[in-house]
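Chemist: Next comes the sequence, and after it the predicted model I'd like to discuss.
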Amino acid sequence: MHDRKTYIKHILLFLLTAVCTTLAGMEWTYGKFIMVEEAQPEWKHLWGALPYTISFLSFLMVHELGHYFMARYYKIDVTLPTFMPGWLGFLGAPSIGTFGAVIRIKGFIKSRKEYFDIGIAGPLAGFIIAVSVLIYGFTHLPEPDFIYEVHPEYAAFQGDFKDYVFEDESGVKLRLGYNLLFSLLEDTFADSDKMPNAYEVIHYPILFAGYLGLLFTALNLLPIGQLDGGHVIFGLFGRHRHKPISIALFIALLFYSGLGIVSPYHAVEELIFSIPLYTGFLYICFHTTGWRKSNKLLAAVSIVLGQYLISQFWPHAAGYQGWLLYGFLIGRVLGIGHPPALFDEPLSKRRKLLGWVCLVIFILCFSPQPLVIDL
């Protein structure tokens, strides 16, 4: 059982995260920043951001409670969900208001089945919430003139702003990189006359929160290391097969992410600086592989060489460098391997089927380029 101080701490962190996500939701929805004098918010903007807060925090809470209650089902000691506030508006920078939520397993997980069940419970529970949020968002889209509250300058185009604003090549534009499931739900439930352009979805708080729910589901279901998807792979294939699968997918993630960083079409002066620095970064990412230093260096050099050769034949090939940060966190902090289980018995057919369903969910939710900045 948890003591009173523990409950108070977790409740305060949750409330602080709720405040931060509301501020972040206000920034995304209305472009209002407390610390920017020319974009000062009003109370109505905070009120309008609450759908983002409720939707996104509901997803995070249910995801973590899925892990929590499954661990308690197996009588494994586990902490309450800890929410991590993460608002950057005081710097005048956008953020989603939180760095996520976590639970910490304090007890001993004995079997592949327990690893699998605890790992899979969170993503499945959160996935249901994310899909429900998106269905509600698509079926309750505001009228098209809602966007004038955010961009009053669009009113000058008499409702035809889509034909002008997004074709303008000046300025910086931020758009969501859709995933398969988001697009499928949009085609199924959304009124095309009310559906915002990809550049404007960030201003629709429920849609944006639902999109982040799918993105976080994909992040957790990556079949690498001790992520939830790593537990799924461990349950399906066992520890000895988990490691080569995990490493192969980790290398694939790094390879895709860094495409375009080094290219024969870059200036020699740039390559002299970027190649050693980038190779060193990749070397660090292999920290938890357990390999010898020479093997880590060989893997890093091979990735750089492969990316360089691809750029030779496909000059416009480009990955998504934002995934490199996630790759660093996995390879340096979270780990690529998986702890053993005392009881290593295979899963039942029903659990195996559920594991493959989760991998399909990962594919449907994964966005190769989640947030795209067009210059």
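Modeler: Received it, and whenever you're ready, just let me know what you need.
Chemist: so where's this protein shaky on pLDDT?
Modeler: 1-2, 35-39, 158-172, 374-375 (pLDDT under 70).
Chemist: Outline the domain layout of it.
Modeler: 4-222+364-374, 239-343 (automatic domain parsing).
Chemist: Now the lengthiest helix in the chain: buried residues?
Modeler: Counting residues, the longest helix found in the chain (DSSP state H) is helix 43-73. Of all the residues in helix 43-73, those buried under the rule 16 or more other Cβ atoms under 10 Å are 45-46, 48-49, 51-68, 70-71. Heads up, the C-betas are built off the backbone N, CA and C, glycines and all.
Chemist: what's the most buried one of the domains of the chain?
Modeler: Among these, ranked by average contacts under mean count of other Cβ atoms under 10 Å, first place goes to domain 4-222+364-374 (a mean of 18).
Chemist: So which residues of the stretch 201-350 of the chain form helices?
Modeler: 205-221, 228-237, 239-257, 268-285, 293-313, 322-328, 349-365 (DSSP state H, counting those that start in this stretch).
Chemist: Which among the ones you listed is found nearest to residue 95?
Modeler: helix 205-221 (11.7 Å; Cβ to Cβ).
Chemist: Go through the domains of the chain and name the closest to residue 351.
Modeler: domain 4-222+364-374 (6.1 Å).
Chemist: sorry, back to before: from the middle of its chain, how far away would the longest helix of the chain be?
Modeler: The chain centroid and the centroid of helix 43-73 are separated by 15 Å, computed with Cα atoms, centre = their mean, to the nearest Å.
Chemist: Can you list the helices and strands that it packs against?
Modeler: helix 4-30, strand 97-102, helix 112-139, helix 205-221 (3 or more Cβ pairs under 8 Å, 6 or more residues apart in numbering; DSSP states H and E).
Chemist: relative to strand 97-102, how tilted is that helix?
Modeler: Here the directions of helix 43-73 and strand 97-102 differ by 10 degrees (axes from the mean of the first three to the mean of the last three Cα atoms, to 10 degrees).
Chemist: Name the strands paired with the following helix or strand past helix 43-73 and say parallel or antiparallel.
Modeler: Next helix or strand after helix 43-73 toward the C-terminus (DSSP states H and E): strand 82-86. Strand 82-86 has the following strand partners under DSSP bridges: strand 97-102 (antiparallel).
Chemist: Kindly format the C-alpha coordinates of the strand it pairs with as CSV.
Modeler: Listed next in CSV are the C-alpha coordinates belonging to strand 97-102 (Å, rounded to 0.1, in the frame of the first residue of the first chain):
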residue,chain,number,x,y,z
GLY,A,97,3.1,20.3,-21.7
THR,A,98,4.5,17.0,-20.4
PHE,A,99,7.4,14.6,-20.8
GLY,A,100,5.0,11.8,-20.3
ALA,A,101,4.1,9.5,-17.4
VAL,A,102,5.8,6.5,-15.9
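Chemist: Contacts only, for residue 214.
Modeler: By Cβ atoms under 8 Å, 6 or more residues apart in numbering, residue 214 lies in contact with 127, 130, 134, 179, 181-182, 365, 367.
Chemist: Mind putting the residues you listed into TSV with distance to residue 199?
Modeler: Shown next, in TSV, are the contacts of residue 214 (distance: Cβ to Cβ, whole Å):
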residue	distance to residue 199
127	26
130	22
134	18
179	17
181	20
182	15
365	21
367	15
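Chemist: which of these lies closest to residue 232?
Modeler: residue 127 (13.0 Å).
Chemist: My guess is that closest one contacts residue 217. True?
Modeler: Yes - using Cβ atoms under 8 Å, residue 127 is in contact with residue 217, at 5.1 Å.
Chemist: so what sits against both of the two?
Modeler: The contact lists of residue 127 and residue 217 share 361, 365, where a contact means Cβ under 8 Å, 6+ apart.
Chemist: ok, back up a step: and the contacts of residue 214, which two are furthest apart?
Modeler: 127 and 367 (14.7 Å).
Chemist: and residue 100, what is it in contact with?
Modeler: The contact partners of residue 100, by Cβ under 8 Å, 6+ apart, come to 60, 84, 216.
Chemist: Now the first one. Nearest residue, chain neighbours left out?
Modeler: Leaving aside its chain neighbours, residue 60 sits nearest to residue 101 (4.6 Å; criterion: Cβ to Cβ, 6 or more residues apart in numbering).
Chemist: so what's that neighbour bridging to?
Modeler: Here residue 101, judged by DSSP bridges, has bridge partners residue 83.
Chemist: Could you do the one 4 residues further on as well?
Modeler: The residues listed as beta-bridge partners of residue 105 by DSSP bridges are residue 78.
Chemist: Does it touch residue 72 like I think?
Modeler: No - using Cβ under 8 Å as the test, residue 105 is too far from residue 72 to be in contact (11.0 Å).
Chemist: Any idea which of the domains of the chain gets closest to residue 229?
Modeler: domain 4-222+364-374 (3.9 Å).
Chemist: for the closest one, the distance to its chain's centre please.
Modeler: Centre to centre, stretch against its chain (Cα atoms, centre = their mean), the figure for domain 4-222+364-374 is 10 Å.
Chemist: related to what we said a few turns ago, tell me what angle the longest helix of the chain forms with helix 228-237.
Modeler: Going by the same axes, to 10 degrees, helix 43-73 makes 30 degrees with helix 228-237.
Chemist: okay, the angle between helix 43-73 and helix 205-221?
Modeler: 30 degrees.
Chemist: one step back: among the helices and strands packed on helix 43-73, which comes closest to residue 317?
Modeler: helix 205-221 (22.1 Å).
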